[in-house]
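Trainee: One predicted model, sequence on top.
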Amino acid sequence: MFRRTKIIATLGPATDDPEMLHKTIKAGVDLVRLNFSHQSAEVHQKRLDEIKRTCTNDYGRPVGVIGDLQGPKIRIEAFSTGSVTLEKGQAFTLDAACPPTAGNVQQVGITYKELPRDVRRGDTLLLDDGCLRIEVKHVVGTKIHCKVAVGGQLSNYKGINRLGGGLSARALTHKDRNDIAVAAAMQVDYLAVSFPRNADDIHEARELFRAAGGQGGIIAKIERAEALVNHEEIIRAADAIMVARGDLGVEIGDAALPPAQKLLINKARELNKISITATQMMESMREHPIPTRAEVSDVANAVFDGSDAVMLSAETAAGKYPEETVIAMDRVCREAEKQTQIRTSTHRMGSQFGRIDEAIAMATMYTANHLLKIKAIAALTESGSTALWMSRIHSSIPIFALSRHVSTCRRVTLYRGVYPVKMEDLAIVDTLEANQLVIDVLVKRGAVGKGDLVIITKGDLKGLPGGTNLMKIVCVGDNGKIV
């Protein structure tokens, strides 16, 4: 059974050993994430080089690469003692003018110097992913005077969120702009934009990425309350979204997070965009070799919701069991995908289509889901757009995206139910020979056998992006020959 839901693994110290990286990728990783919040461009380049070497030399399948920008993460500065314990009811001050390492139990500095302008009396500020809460009493100059509502231990550089959102920090920082150029030079397949507020932030990131030579897609990370309000315009502007449940859950409240996740995934699919569910999916596996039952249910529900991909963060970047974590996630996804509700679809049944290639893609999926013995779909594609439209329709039938472009093969690694195959330019052979070459590939991969039907889509004008205008059904005969 081909797993349809894709797995993203964040690279880090835990996967820097080449042998461990090999094992983790082989366990079922479809894309890797380079987190620009940590470590230098040189470190990320070294990891990327090892990924390319591993995939090329060891098992020859493409692995997509996501470059994830840090964004305007608003944090406290450091304490002179490393940490303090705040007691409920005590006074505590956030001071934009406090020296970076001079924090104490009464006050601490902040990285975002405009924060005093953004808050007012009555606001609730959440520290360390909501573990601590402080209430704003009054603001004087650079100082935000607060009262501790929920106390606890607070250590250096923990994040700050405002309950309900509304902080004015721009999505792209100076560091992000530099990292966009680095990501473009690395030729990442996707650039993830952190903390966008609206569609303009996505357009700006795309313009900077293209200007630097980047050709990959843009992922909008939904992690601000205002991004949730503006979710439709953000989804339309991006190629994919990430439901970044850490900061989003802090800003909108944990109880509001599950319905928000479903809303975002459904809207992305409705608009023919990709969705990724992320944050703490198997958090306990940082320290333990098996997931909790709650984590298993969380991953399964993300699959039921229709996520194209599920993402591992610290579990693979810094955890003790990166290989075992990917194996566990693969196992859960496969079991969830056996359920009927995600193997059939009525999506877009009443729609009209504005493009020929889109209509071919939809006709293919309707045929595949209703004609017995269809075992695989082979989409000969330049850009991957036909495979993207196909992937929006729930089905248990694998979609193989066959392309001469390595960049297209890597890009479709994020599409649910789509498997990339690098093929030479089929324009040099006639139609019948091209069809047979496609079937040869599928037989070799064990996807089809004697008596199976295969749908092949392609264009009359070979090599033209968006030119798909043909759908053909072929039958596999003896020795894999078309009959």
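Mentor: Arrived safely.
Trainee: CA only for contacts and neighbour counts going forward, please
Mentor: Noted.
Trainee: Show me the domain layout of the protein.
Mentor: Under automatic domain parsing, the residue ranges defining each domain of the chain are 6-71+171-338, 83-162, 356-480.
Trainee: For Gln70, which non-adjacent residue is closest in space?
Mentor: The spatial neighbour of Gln70 that comes closest, neighbours along the chain excluded (CA to CA, 6 or more residues apart in numbering), is Ser37 at 4.6 Å.
Trainee: Count the neighbours of that neighbour for me.
Mentor: Using other CA atoms under 10 Å, the number of residues around Ser37 comes to 14.
Trainee: Also Arg410?
Mentor: Counted with other CA under 10 Å, the neighbours of Arg410 add up to 25.
Trainee: can you confirm it is in a helix?
Mentor: Yes: assignment of Arg410 by DSSP: H, G, I helix; E, B strand; the rest coil places it within a helix.
Trainee: Quick one: residues contacting it.
Mentor: Contact partners of Arg410, counting by CA atoms under 8 Å, 6 or more residues apart in numbering, are Pro62, Val63, Gly64, Val65, Asp189, Pro420.
Trainee: again with Gly480
Mentor: For Gly480, counting by CA under 8 Å, 6+ apart, the contacting residues are Ile439, Asp440, Val443, Gly449, Lys450.
Trainee: related to what we said a few turns ago, quick one, which of the domains of the chain gets closest to Glu77.
Mentor: Proximity of those to Glu77 was assessed by CA to CA; the nearest stretch is domain 83-162, lying at 4.8 Å.
Trainee: Could you tell me which of the contacts of Arg410 are located in helices?
Mentor: Taking DSSP state H, every one of these sits outside helices.
Trainee: Can you show me the strands along the stretch 151-300 of the chain?
Mentor: Per DSSP state E, counting those that start in this stretch, the stretch 151-300 of the chain has strands spanning 152-155, 160-162, 190-193, 217-222, 240-244, 274-278. These are given in chain order.
Trainee: Make a markdown table out of those strands and add mean pLDDT and mean neighbour count.
Mentor: Conversion of those to a markdown table gives the following (pLDDT from 0 to 100; neighbours: other CA atoms under 10 Å):
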| stretch | mean pLDDT | mean neighbour count |
| --- | --- | --- |
| strand 152-155 | 96 | 16 |
| strand 160-162 | 94 | 24 |
| strand 190-193 | 98 | 27 |
| strand 217-222 | 98 | 27 |
| strand 240-244 | 98 | 25 |
| strand 274-278 | 98 | 27 |
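Trainee: Among those, which comes closest to Lys373?
Mentor: Across the strands of the stretch 151-300 of the chain (criterion: CA to CA), the nearest stretch is strand 274-278, sitting at 28.5 Å.
Trainee: Redo the domains of the chain as a markdown table? Include distance to Glu77.
Mentor: As requested, the domains of the chain are arranged in a markdown table below (distance: least, CA to CA, whole Å):
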| stretch | distance to Glu77 |
| --- | --- |
| domain 6-71+171-338 | 16 |
| domain 83-162 | 5 |
| domain 356-480 | 37 |
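Trainee: which of these has the lowest average pLDDT?
Mentor: Least confident of those, judged by mean pLDDT, is domain 356-480 with a mean of 91.
Trainee: What is the distance between it and the centre of its chain?
Mentor: 24 Å (CA atoms, centre = their mean, to the nearest Å).
Trainee: what's the answer for stretch 180-197, then?
Mentor: Stretch 180-197 has its average C-alpha position 12 Å from the chain's average C-alpha position, going by CA atoms, centre = their mean.
Trainee: hey, what's the residue nearest to the spatial centre of the chain bridged with?
Mentor: Centroid check for the chain by CA atoms, centre = their mean gives Ile276 as the closest residue, at 4.2 Å. For Ile276, the residues forming beta bridges with it (DSSP bridges) are Met242, Ala309.
Trainee: And the strands of the stretch 151-300 of the chain: which comes nearest Leu48?
Mentor: Distance to Leu48, taken as CA to CA, is lowest for strand 190-193 among the strands of the stretch 151-300 of the chain, at 13.5 Å.
Trainee: Direction included, what does that closest one pair up with?
Mentor: Using DSSP bridges, the strands paired with strand 190-193 are strand 64-68 (parallel), strand 217-222 (parallel).
Trainee: could I get the ones you listed as JSON lines with distance to Met329?
Mentor: Supplementary listing: those in JSON lines, determined by distance: least, CA to CA, whole Å:
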{"stretch": "strand 64-68", "distance to Met329": "18"}
{"stretch": "strand 217-222", "distance to Met329": "22"}
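Trainee: Quick one: closest of the ones you listed to Ser307.
Mentor: When the strands paired with strand 190-193 are ranked by proximity to Ser307 (CA to CA), strand 217-222 comes first, at 13.9 Å.
Trainee: got the contact list for the closest one?
Mentor: Around strand 217-222, the neighbours that count as contacts under CA under 8 Å, 6+ apart are 189-196, 202, 206, 228, 231, 234-235, 238-244, 248, 411.
Trainee: what about the residue nearest to Gln70, is that helix, strand or coil?
Mentor: Applying three-state DSSP: Ser37 is coil.
Trainee: Spit out the contact partners of Met242.
Mentor: Ile219, Ala220, Lys221, Ile222, Ser275, Ile276, Thr277, Ala278.
Trainee: for Gly246, same thing?
Mentor: With CA under 8 Å, 6+ apart, Gly246 has these contacts: Asp129, Glu223, Thr279, Gln280.
Trainee: what's the burial count for Pro13?
Mentor: Pro13: 12 surrounding residues under other CA under 10 Å.
Trainee: now it: how far from Gly319?
Mentor: According to CA to CA, to the nearest Å, Pro13 stands 9 Å off from Gly319.
Trainee: now Gly451
Mentor: With distances defined as CA to CA, the gap from Gly451 to Gly319 amounts to 46 Å.
Trainee: Of these two, which one has the most company?
Mentor: Counted by other CA under 10 Å, Gly451 and Gly319 do not tie: Gly319 has more neighbours, with 22 against 17.
Trainee: ok now do that one, which residues does it touch?
Mentor: For Gly319, the contacting residues are Ala14, Met285, Arg286, Glu287, by CA under 8 Å, 6+ apart.
Trainee: which non-adjacent residue is nearest the third one?
Mentor: Here the nearest residue to Arg286 in space, its sequence neighbours aside, is Gly319; by CA to CA, 6+ apart that works out to 3.9 Å.
Trainee: On the three-state scheme, the one you found is what?
Mentor: Classification of Gly319 by three-state DSSP places it in coil.
Trainee: which residues does the residue nearest to Gln70 contact?
Mentor: Under the criterion of CA under 8 Å, 6+ apart, the contact partners of Ser37 comprise Asp68, Leu69, Gln70.
Trainee: doesn't Ser194 make contact with the last one?
Mentor: Yes: taking contacts as CA atoms under 8 Å, Gln70 lies within contact range of Ser194: 6.2 Å.
Trainee: which one of these two has more residues nearby?
Mentor: Taking neighbours as other CA under 10 Å, Gln70 and Ser194 compare with Ser194 leading, 25 against 20.
Trainee: Perfect, I'm done here.
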